[in-house]
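Peer 1: Sequence first, predicted model second:
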Amino acid sequence: MLPLIACADTGDTDPVSIGTLAASTAVPTATVARSASALTTPAGLPTVDPYAGLPLIERVEWTSNVDGPRLLVFPTTAGRRTTTQGSDERAWQEVLALSADAESPGMRDQFVCHWEWARLVQPNKPSWNLEPWRPDVGYQAVVAASCNPGGPER
């Protein structure tokens, strides 16, 4: 038995016993079912892309430098600002539409590195420079080389 104690306005400072309560080992419980869909965007609700339908790449331009050919990629304002999932692939497809020659080993990794990192580090850099002569070392190595595997940009 558990004593029930309360405060009373009797002028006493000691608690007043008002009875007892039988102890129980049962603990009230509640089960809340949670599905994976409760943690993600519900079906039917679109993810909003504020730059949907706008170009992400303004233009591309092939140049030549001391090391070989270079593709200058000029992002639009939307391309510099968007953070929508999948926008990197959409922008890469725009690059390929502007210059199919960009599809060479290592170029996509250089582009994604610029998309993910150079936009943050140098947000106002006029162009992102991709070079097909750079070694195809995989994305992580491209990032470790500051987007320029095989040596610094010259």
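Peer 2: Perfect, I can see it now.
Peer 1: what about the longest helix seen in the chain, distance to the chain center?
Peer 2: With DSSP state H applied, the helix covering the greatest number of residues in the chain is identified as helix 87-98. In terms of Cα atoms, centre = their mean, to the nearest Å, the gap separating the centre of helix 87-98 from the centre of its chain is 18 Å.
Peer 1: next structured bit after that helix?
Peer 2: Downstream of helix 87-98, the first helix or strand assigned by DSSP states H and E is helix 107-113.
Peer 1: can you tell me the average pLDDT over the following helix or strand past that next one?
Peer 2: On the C-terminal side of helix 107-113, the nearest following helix or strand under DSSP H and E is helix 119-121. Mean pLDDT, helix 119-121: 91.
Peer 1: Give the next helix or strand downstream of helix 119-121.
Peer 2: Counting by DSSP H and E, the element after helix 119-121 in chain order, helix or strand, is strand 128-130.
Peer 1: Neighbouring strands of that following strand in the sheet, and parallel or not?
Peer 2: Sheet neighbours of strand 128-130, with direction, are listed as strand 68-75 (antiparallel) (DSSP bridges).
Peer 1: Can you give me the buried ones in the strand it pairs with?
Peer 2: Along strand 68-75, these residues count as buried under the neighbour rule (16 or more other Cβ atoms under 10 Å): 70-71, 73, 75. C-beta coordinates here come from the backbone N, C-alpha and C atoms, glycine included.
Peer 1: Helix 87-98 and that one, what's the angle between them?
Peer 2: Relative orientation of strand 68-75 versus helix 87-98 (axes from the mean of the first three to the mean of the last three Cα atoms, to 10 degrees): 120 degrees.
Peer 1: Which residues does strand 68-75 contact?
Peer 2: Strand 68-75 is contacted by residues 56-64, 91, 95, 99, 101-102, 107, 111, 114, 119, 126-133 when judged by Cβ atoms under 8 Å, 6 or more residues apart in numbering.
Peer 1: Just the buried subset of those residues, please.
Peer 2: The neighbour count (16+ other Cβ under 10 Å) marks 56-57, 60, 91, 95, 102, 107, 111, 114, 119, 127-132 as buried among the contacts of strand 68-75.
Peer 1: which of the buried residues of strand 68-75 lies closest to Tyr139?
Peer 2: Taking Cβ to Cβ as the measure, Tyr139 sits nearest to Val73 out of these, at 16.9 Å.
Peer 1: Okay, and the beta partners of that closest one?
Peer 2: According to DSSP bridges, the residues that bridge with Val73 are Val60, Trp128.
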